[in-house]
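Asker: The following comprises the amino acid sequence and a computationally predicted model.
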Amino acid sequence: MAFIKNITLLALLFIGGSEAKIRSDSNDLVVHKTHDRKSRHGPTVEGSECSETCLFEDDNNEWCLQGTSNMIKAGWDVYQLVDTTYWLFEFQPYLETQISLTSNFVLQRLVTSSFIMKMNKFKTNLIYSFLFDDRGQVCLGYGYESQAIKLDLTYQFQFVDCYKNLLTDVANPF
C-alpha cells in the first residue's frame, strides 16, 4: 500500500511540473511540495481595424457607422496549486469584451441623428476546478466570475427648424 502511495505522490509531482524536496526516512518516501503557479495561454482572437463604413453617402446625406477593433478577445488561464496533501487544477476560459460604436445619420434639411455606444473593457470567465487529494478523492467544481460592466449610451436627435406660412391673415385667409 505504501508503494502505491509513493507512486501516486511521484505522479503528482511529475504532472505538477515543478521541483520538490524528496527525502527518505526509514523506507518511507516523504514529499514536501508547495507550489502556486498561474499561466496564461491560449489563442488570442482579435479583429482588424474597423474603419468608417457608410450604408449610404452622397454630397448632403449619409448614414455611417464606426467602431473600434478588438471588441472581443478570447483565451484561457490555467491555475495550479500543489501541496503535500492535494493537487488543485483550475482551467479558466475567458472573454474580454469592449464596445465603441458610433452611428451618424444625416438627411440635410430634415433630420440629424447621432448614436454613441461605449462599453468599458471587462473580463468574464468560467472556472472548472479539479481537486485531487492523497486519499484518492476527487472534487469537481465549476463557477463563473465577471468584472463590473459599464455601458454608456448617448443619443442625439434633431429635426431641422423649417416652417411655411399657410395663413398670414386670419381675417382674410385667401
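Answerer: Noted; the coordinates are in hand. Keep in mind that this is a model prediction, so the values were computed, not measured. Residues are numbered from 1 along each chain as shown.

Asker: can you list the domains in this protein?
Answerer: Following the assignment in automatic domain parsing, the chain carries domains at 1-33, 34-159.

Asker: Lowest mean pLDDT across the ones you listed, which one is that?
Answerer: Lowest mean pLDDT within these: domain 1-33, at a mean of 44.

Asker: Name the nearest residue to the residue nearest the centre of the chain, sequence neighbours excluded.
Answerer: Geometric centre of the chain, nearest residue: E96, 2.1 Å, by CA atoms, centre = their mean. Distance criterion CB to CB, 6 or more residues apart in numbering; nearest residue to E96, sequence neighbours excluded, is K73 at 4.2 Å. Backbone N, C-alpha and C define where each C-beta goes, glycine included.

Asker: now do Y142
Answerer: Setting aside the residues directly before and after it, Y142 is nearest to Y128 in space (CB to CB, 6+ apart), at 5.4 Å.

Asker: So that neighbour sits against Q92, correct?
Answerer: Yes. In this structure, Y128 is within contact of Q92 by CB atoms under 8 Å, at 7.4 Å.

Asker: ok, back up a step: quick check: which element contains the residue nearest to Y142?
Answerer: If you go by DSSP states H and E, Y128 is part of strand 111-133.

Asker: so N120 sits right up against S100, yeah?
Answerer: No. Using CB under 8 Å, N120 is not in contact with S100; the gap is 9.5 Å.

Asker: Looking at these two, which has the bigger crowd around it?
Answerer: S100 (17 against 14; other CB atoms under 10 Å).

Asker: give me the element that one is part of.
Answerer: In this assignment (DSSP H and E), S100 forms part of strand 86-107.
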